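Visitor: coordinates only, sequence not included:
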């Protein structure tokens, strides 16, 4: 059974993949997404345990993808929730 942390880790891996494909640094992505570079680094490295729901659309927009696309890249959790809201 997957956990919220597993899903956040999967999201982080996808964010990193998309960021690198867009040739953005973590700092550039943070600026575009209105988030801190520390958050981007923690998300991509798997150190982040949860992500707030409002951050997903910000990251998706900064990466040039629809939020739904970014979320669909995550594995289907058993409880049908993609993210744990803090």
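Guide: Right, received. Where do you want to start? Bear in mind that the values here come from a model prediction, so they are computed numbers and not experimental data.

Visitor: list the buried ones in the strand or helix carrying residue 20?
Guide: For residue 20, the host element (DSSP states H and E) is helix 4-21. By neighbour count on 16 or more other C-beta atoms under 10 Å, the buried set for helix 4-21 is 4, 7-16, 18-19. Where you see a C-beta, it was placed from the backbone N, CA and C, and this is true even at glycine.

Visitor: over to stretch 26-34?
Guide: So for stretch 26-34, counting by 16+ other C-beta under 10 Å, buried means 26, 29-30, 32-33.

Visitor: among those, which are in helices?
Guide: Among those, the residues falling in helices (DSSP state H) are 26, 29-30, 32-33.

Visitor: redo those as CSV? Include pLDDT and distance to residue 66.
Guide: As requested, these are exported to CSV (pLDDT from 0 to 100; distance: C-beta to C-beta, whole Å):
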residue, pLDDT, distance to residue 66
26, 96, 22
29, 96, 17
30, 95, 20
32, 94, 15
33, 90, 14
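
Visitor: pretty sure residue 45 sits against residue 15.
Guide: No - at 10.9 Å, residue 45 does not count as touching residue 15 under the criterion of C-beta atoms under 8 Å.
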